[in-house]
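Student: Could you work out the structure for the sequence below:
(chains A, B, C, D and E, ligands or ions: 4)
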Amino acid sequence: MTSALLEVKNLKKVFTVGAGIKKKKVQAVRDVSFTINKGETFGLVGESGCGKSTTGRLAIRLIEPSSGSITFGEKDVTMAKEKELRTMRREMQMIFQDPYASLNPRMTIEKILTEPYKLQGLYTTEERNKRVISLMEEVGLRPAYRTRFPHEFSGGQRQRIGIARALALNPKLIVADEPVSALDVSVQAQVLNLMIDLQEKYGLSYLFISHDLSVVKYICHRVGVMYLGEIVEIGPKETLYENPLHPYTQALLSSIPSVDQRDRERIILSGDVPNPANPPSGCSFHPRCPSCMDICKIEKPAAKQIGDQLVSCHLYN
Amino acid sequence: MMSYIIKRFLSLLPTLFVPLLLIFFMLRLAPGDPASIMLGADATVEQVEQLREKMGLNEPLLIQLFAFLKQLVTLDLGDSIFLKKPVLTVILDHIETTIVLTIYALIIAIVIGLLSGIISAIYRNKSIDQIAMTGAMIGVSMPEFWFGLMLILVFAVNLQWFPVTGYVPLSEGFFECIRSLTLPAVSLGFVQAAFIARITRTSMLDVIHEDFVRTAEAKGLSNGVIVFKHILRNAFIPILTVIGITVAVLMGGAIAIETVFSLPGIGRMMISAVSRRDYPLIQGIVLFISVVFILINMIVDIIYTWVDPRIKYR
Amino acid sequence: QEKPSSGPGTNAAGEPKMGGTLKVATTGEPPTLDPTQTTAYSAQEIGWHIYEGLFTIDENYNATPMLAKDYVFDEAKNTYTIHLREGIKFHNGKQLSADDVVASLNRWGKKANYGKILFQNLQELKKVDDLTIDIVLKSPSPIVPILLAFPNQQSAIFPKEIVEAAGDGEIKQYIGTGPYRFVEHKPDQYIKLARFEDYKPLEGPAKGMGGSRKAYLDEILFIPTPETSVRLDGVQTGQFDFAEQVNSDMYKQIQANNQVDALITKPYWFTQIVFNKKSGPFTDKRLRQAFSLALDMKPMMQAAFASEEFYRLDPSIMFKEQKEWWSEAGKENYNQANLEKAKKLMEEAGYKGEKLRWLTTKEYDFMYKNSLVATEQLKKIGFNIELQVVDYATIVSKRMKPEEYEIFMGATTFTPDPGIWPIWESSWPGFWVDPKKDEMVKKLNSEMDPKERKKHLDALQAYFWEEVPLLKVGDFFVLSVKTKEVKGLEGTAFPFYWNVWKE
Amino acid sequence: MIYHLFRRKTVLIGLGLVVFVICLAVFSSLLTSYDPNGVKVEERLMSPSMQHIFGTDDFGRDVYSRVIHGGKTSLIIGATVMLLAVGAGSLIGLFSGFYKTLDHVLMRIMDGLMSFPGLVLAIAMMGVLGGSLTTVIIALSIVYMPRVARVVRGSVLVVREYPFIEAERALGASKIYILFTHILPNCLSSIIIQATFIFSYAVLGEAALSFLGVGVPPTTPSWGNILSDSRVYIVQAWWIAVFPGAAIMLTVLGLNMFGDGLRDMLDPKLRKV
Amino acid sequence: MTRPLLQINHLELSFITPKSQVQALADVSFEIQEGEIVGLVGESGCGKSITSLSIMGLLPNESTRVTAGSIKFRDIELTGLNKQQIRAIRGKEIAMIFQEPMTSLNPVFTIGDQLTESVKLHLKMTHKEANDHVLSILESVGIHRSRNIMNEYPHQLSGGMRQRVMIAMALSCNPKLLIADEPTTALDVTIQAQILALLKKINLESKTSMLFITHDLGVVAEMCDRVIVMYAGQIVESGKVKEILNNPQHPYTIGLLKSIPRLKETRRRLDTIPGTVPQFGKMPSGCRFMPRCGSATEKCANEPLMVHVTDDHAAKCWNATGNEG
Ligand SMILES: Nc1ncnc2c1ncn2[C@@H]1O[C@H](COP(=O)(O)OP(=O)(O)OP(=O)(O)O)[C@@H](O)[C@H]1O
Ligand SMILES: Nc1ncnc2c1ncn2[C@@H]1O[C@H](COP(=O)(O)OP(=O)(O)OP(=O)(O)O)[C@@H](O)[C@H]1O
Ligand SMILES: [Mg+2]
Ligand SMILES: [Mg+2]
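Tutor: Numbering: from 1, shown residues only, chains lettered A, B, ... in the order given. Ligands and ions are numbered 1, 2, ... in the order given. Presented below is the predicted three-dimensional model:
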């Protein structure tokens, strides 16, 4: 096995919502642990709102974890001082889910893309400009657009700006939160190819958050499936896609729409999506699980290694 | 939030300390003292010295300060040197005019300011915008007292719609009271309206092109709802701040306006207290105004979080 | 509409009418309503309606009895024996008696400036019987009746109880014997007086402030209105009946308006430039003389008071209206605009353009205007003047400190007798320390014969113009305005509202 | 950038006005033959004529000359107070909006200062420093600074929660950098408005102070003190007030037009028209 | 055939910059029948969003202008309407789901407030009715924490939740035409499936027509009746979904289909279309796809015409004709 680049252990995040009497605690991430190796792409999939973005932001400490530890290379990210963290940021970058909101509306694309170099004090002005142009070309944006402002772009173009910005510094780790969701398939293919090329060239690692399971399958080496703030199953993509163990993973894989097979058997999940402010007892998936047992309502399943996969489900005890 | 409010209340005392200390030393650094004023133009040096001695003005400053603070601890602001009444009583006697005037002027400022700011923002660079903004410019190019005098000439002397001067207390009828304060309130409020209008216009322009405005339009909402609800609320933080400040500015402006219109308010009292160097009274007024401002700013800060839920304090 | 019978000068023609409220716009809020406590004009003008003294002044600014029926001066015993009028009632219903008078005068003697002057020379003050008092002096003094008569810081008679209750401080109830009684005071709003129904006027005609006082008006409201033009506006709209002290430049406007009448208070005060004689260049009297010789008073006064209706160039330290005191002694040193001579004197005094700090204020508009025009004139012959325009409070305290200034601007209010001018005191700011002057003042103040006194005054004034401890610029008068309905109002130095009615 | 700025007609007019006024002030001595302080009492309160195109004041001084010379004083006061108050106020506002701990300290001090009467401040400073332009400038700056600080802080509180700020942090931007390169530009529009207003407030504030005798020495003409002295003569001599008033208005108008243009230029969404 | 619900004819649209005017849409014509779901796919940046915005009359009027063409909704010409008139249609008759769910929600109002607003306006419901109505819609788009969510603010929601709020908002007034600009990109597949099922149900039950803009050809395959392919501001191919997926004519469509990552395959590289979209304003004079087209011929230097491959399949390519045989 290659060495671990990012190691996340027992990560937790609690948000408070509302004020006064209406105040509530939302457990966005409840006990998440995973490892990303050098040169590896780790996919994170799961229901919307289950805490993927939060996990991603926690992993590079854009928001403070409520508890848990993060190790990046040798360094402890959770303990890092403000200044240390800033230099570490050169090595870990993020592509944001909301491309438009993550761009300063008052800056031209050129400015936005030279920012990373400026901040890390890299290269001369000329060199920077050159790099910006090649970055734009790489993600399929016309360099002629570099004097435009974010609002003058289409959704997909904005997303590519976000990608270009994250790639600018040649980081070791990129947290990519839905990086290709707004791209048409041909551009998506371009971007994915680019990501793979970079990975091969520089040994980049990705934490790849996506809903598109085909894309995840295509690009990731290992995949973690999240449900309600917890990882319910982790495994290499081949085995996970072939042989999903957790009932939620199974449901997920059966729902993929595809051009090829129009009428397919689907596991449609019934029951309520639970409330992260008040998660169900026992296994958090039990209210919607097609194969729910009595024990699931009471006891939280422990993670269990089955082959290459790690799964938290009472079915396998 | 609650803890924030409590924290703010706790910080009230140290906050008050700043203006209090400042005013205490400033007053004593300033030339002129109450003893010589009290004795009048024909007094001799010895007489003044005697009185200074008697009034304790010759003590070292720190001892005076200590005495002052000791008095404050017992919530006693002392007696006005000239009015020979407890400072608190004097302030309470004059407070009604200033409060009614400030609120009235504030309403005028907010209504005129918000409306013309909104209209200007919507019709940006159209002639109505330019007219409103030129009006605003005229507003800020005129000293309040000067504008007040013009209003008197036009509306009191020539048209005789309003009295020239004087204040009718609320107890003698709301309508009469409002009538007596209309000209002063307009002269105070108009100038501030200009500022509110400008800031409203500019902050509205900051959000008028946001996506969520497009969403609101896609819902088929009427212009009014879009402007007053969706845009204004998002543009409201700077406007709110300015409105908060306006209260402060209005109270400051009241000094001139209350003098011009002979209104029995805090501002006019302040002027005479300063010109007579009535130390306890000045200190009392400053303390009072400070408390008012601190409370207003606190309220503004709290409204912030209500206007924009993204704002967080610790 | 104007009635044919009324118009300027025909005030007295109409029949007096009872009733009505007179609204007077005053320049400011009085600091107190205790007339003994303050010299502030704003307090006095209200006070002389409420309180009366033993004497008051007539149309020639001489003393005339008020609460006193008559008096005799016993030269042998140096004693004034004063008889009180009978049946005089205070506003609280109490009868006036000698006890009240003794108590009130004792307090006045301690607190009031003029009282102090009288009491310096006082042997004894005593009640003879219920309606008679004796004032026993140490040495003869001609100025006792006028001191007791003068309306400013007047020797008001209060009920004894009220004087006792006041102790060292202010009186707490405003009770006197005047034609109007105090009703209420709303600070910064108004002070309300109402007719005193039990008032017993003197027999005979009115003589200035003396003689018969008749209260035609039901009420008088004194409404503090600091802004000049607003006072005028108020009269124009009928919100006020009378506005005191408006800007003299408004005279034309007032004359053009047939709803209102102008009223000129004459005499009023004179303006003066006071030198620091304790330290600095002006310790040299030649420099003071140079300063004085260089000035042309006319533009200074014109800038401040617009037209000759409102000022008068006159060297006398007593006003022309104070007929027996008026003097032209020393006039050759006044208003010369003689630059040659001034320059020579400057050189002799060794003045080499040192900076001269001149304290002045805009709170009194005329002080600023006088000093600004003077500065412009003096610049031309090499005076290096730095005008320090400060608030009045600053002047009042800075002028005590000789190191703070060379010149300050001031004014002299109407003074009833030349002997009691504050400038004679060596410790009065500006500090005129001069034994010769002291000697001359003493002579003036112990001589009983008016003719002799006038001679002493002439000499003193001549010396004054030679020494120039301060420089008189000119007399000025005050423009007030009233509505046409107000009748019987006269433009004296001390406006009052008895014998005044509204049509 | 500059291109966008000068493409606008209003910006050009605004700038033109400001430059015009500045030129008048700079070349004041060339533009008039009258001494602004030349007292000529015989000619007092003359209405505008060929001889005195703006008439004369109550000392018989030429109003035109006074307005021209007064511009110098007023522009210096307006501009300096604007720079000081807006500069310091913006800094304080930025920092206290961004750093929550600073907020408590700085804003409380500002609250305290805001309630402090400028008049007393000016009188006291005069006592210590003497009456001068500097005193007036410092006093007015201290009075207006807290206002700017509050407004800026209010905007910062909103902007700092924008998602792109988080994106900047992800790039490793330091707080200071974020504060100045990202938050500040997004608060600029209210700062610009403040600046234009403080200019006129300062010019007029000086009038109020000089009326009370704590302004610039009254022998130095300024728009403020001309205006303030004129108020007695509103009816008799309108010209004394109207001309300095108009001068203030033109300047403020020019500044505002320029400020608006600047603001629009800095807002890319409004640029294209 | 019934009368089309929406008919767009020869729509042209330009961006106006200080220096120039750049054409962004050229001759766009299509129609949507009552009850039909039309997919709109195409390269990112080719003009899908602005097309949909022009239907709503929501183009930023400072910088964008419709220069020619007509948009007809039933019998109403939308381009000529004044504000009052178009407001009656927006939200009620035609609703839109925007692409950027974060910025499209007003940050300072609660979700509940923003949702009930249009319901109260268009359906004339009381506050309580509107609340219940909205709650049920939120449930149906898979938000089960709906009661809480109603009181929360946009920034407190995850991306997918925001998107579902946008969907709920658009559905709340039962519009006749729903324009959905990438409505499910931020959703996980289970929720996506649920929402697609919901939309389908609405489509069947209330005959709501839909214009479905998406990149996910899988979604198109599952949802749409017809599909329109756009490239560089033009429609290059349109027709029945099955037709197009099975028999794409335009080389761009073909390239697009090849780029899809497929679950079953285990390639390490995806096919892409070489080159990038030409810049607006600098369009090639002939076929706009020519510079990237593998099978371009000399003919392609002239602009091709829409060629009807079958009755309801047309492609804008010179080569398409040849395929017909
Ligand atoms: N204000 C503007 N000024 C200039 N060009 C603009 C402006 N707004 C959008 N564009 C350009 O118009 C083109 C079409 O934009 P549109 O948003 O319609 O694309 P789209 O097809 O929706 O793409 P995506 O799938 O990426 O959202 C894009 O190339 C974009 O760069
Ligand atoms: N700032 C915040 N305050 C309160 N709650 C929050 C905040 N940010 C996220 N949450 C809550 O945390 C939970 C997880 O959010 P997160 O954004 O991580 O979801 P996600 O897995 O990325 O979903 P999606 O796929 O829809 O983007 C959600 O229930 C959301 O409401
Ligand atoms: Mg997310
Ligand atoms: Mg789009």
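Student: and the residue positioned nearest the centre of chain B, backbone torsions?
Tutor: Centroid-nearest residue in chain B: residue B:251, 2.4 Å away (criterion: C-alpha atoms, centre = their mean). Phi and psi for residue B:251, reported as degrees, to the nearest 10, are phi -60, psi -40.
Student: pretty sure it contacts residue B:268?
Tutor: No. Using C-beta atoms under 8 Å, residue B:251 is not in contact with residue B:268, being 12.0 Å away. Where you see a C-beta, it was placed from the backbone N, CA and C, and this is true even at glycine.
Student: tally of neighbours for the residue in the stretch 151-300 of chain E that ligand 4 sits nearest to?
Tutor: Nearest residue of the stretch 151-300 of chain E to ligand 4, counting by C-beta to the ion: residue E:181, 5.8 Å away. Using other C-beta atoms under 10 Å in any protein chain shown, the number of residues around residue E:181 comes to 24.
Student: Where does the closest residue to residue E:21 other than its chain neighbours fall, secondary structure wise?
Tutor: Take residue E:21 and drop its neighbours on the chain: the residue closest to it by C-beta to C-beta, 6 or more residues apart in numbering or on different chains is residue E:14, 4.9 Å away. Per DSSP states H and E: residue E:14 is located in strand E:6-16.
Student: That strand and ligand 1, any residue contact?
Tutor: Yes. If you take C-beta under 6 Å from any ligand atom as the test, strand E:6-16 does meet ligand 1, through residue E:15.
Student: Mind telling me which residue of chain C is nearest ligand 3?
Tutor: residue C:188 (64.5 Å).
Student: Looks like that residue contacts residue C:224 (just checking).
Tutor: Yes. Counting by C-beta under 8 Å, residue C:224 is a contact partner of residue C:188 at 6.2 Å.
Student: Give the residues shared as contacts by these two.
Tutor: Contact with both residue C:188 and residue C:224 is made by residues B:262, C:29, according to C-beta atoms under 8 Å, 6 or more residues apart in numbering or on different chains.
Student: interface residues of chain E facing ligand 4?
Tutor: Residues of chain E found near ligand 4, taking C-beta under 5 Å from the ion as the criterion, are E:49, E:99.
Student: give me that answer again for 8 Å
Tutor: E:44-45, E:48-50, E:99, E:181-182, E:213 (C-beta under 8 Å from the ion).
Student: Who wins on neighbours among the residues you listed?
Tutor: Busiest of those [other C-beta under 10 Å] is residue E:45, holding 28 neighbours.
Student: Leaving out the residues flanking it, which one is nearest to it?
Tutor: Using C-beta to C-beta, 6+ apart, the closest residue to residue E:45 is residue A:154 (4.3 Å).
Student: Identify the residues contacting the one you found.
Tutor: Taking C-beta under 8 Å, 6+ apart, one finds E:44-46, E:48-49 in contact with residue A:154.
Student: for residue E:114, helix, strand, or coil?
Tutor: Assigned by DSSP: H, G, I helix; E, B strand; the rest coil, the conformation of residue E:114 is helix.
Student: In contact with the closest residue to residue A:144 other than its chain neighbours, which residues?
Tutor: Sequence neighbours aside, residue E:279 is the residue nearest to residue A:144 in space, at 5.8 Å (criterion: C-beta to C-beta, 6+ apart). Going by C-beta under 8 Å, 6+ apart, residue E:279 touches A:142, A:144-145.
Student: 10 Å instead, please
Tutor: Neighbouring residues of residue E:279 by C-beta atoms under 10 Å, 6 or more residues apart in numbering or on different chains: A:142, A:144-145, E:22, E:45, E:232.
Student: check which helix or strand covers it.
Tutor: Judged by DSSP H and E, residue E:279 forms part of no helix or strand.
Student: measure it to residue B:26 for me?
Tutor: Plainly put, residue E:279 is 66 Å away from residue B:26 if you go by C-beta to C-beta, to the nearest Å.
Student: show me what contacts residue C:111?
Tutor: Taking C-beta under 10 Å, 6+ apart as the test, what residue C:111 contacts is C:34, C:36-38, C:153, C:166, C:168, C:170.
Student: next one: phi and psi at residue C:221?
Tutor: phi -110, psi 130.
Student: what's the neighbour count on it?
Tutor: 18.
Student: from what I can see it touches residue C:49, true?
Tutor: No. In terms of C-beta atoms under 10 Å, residue C:221 does not count as a neighbour of residue C:49; the distance is 11.8 Å.
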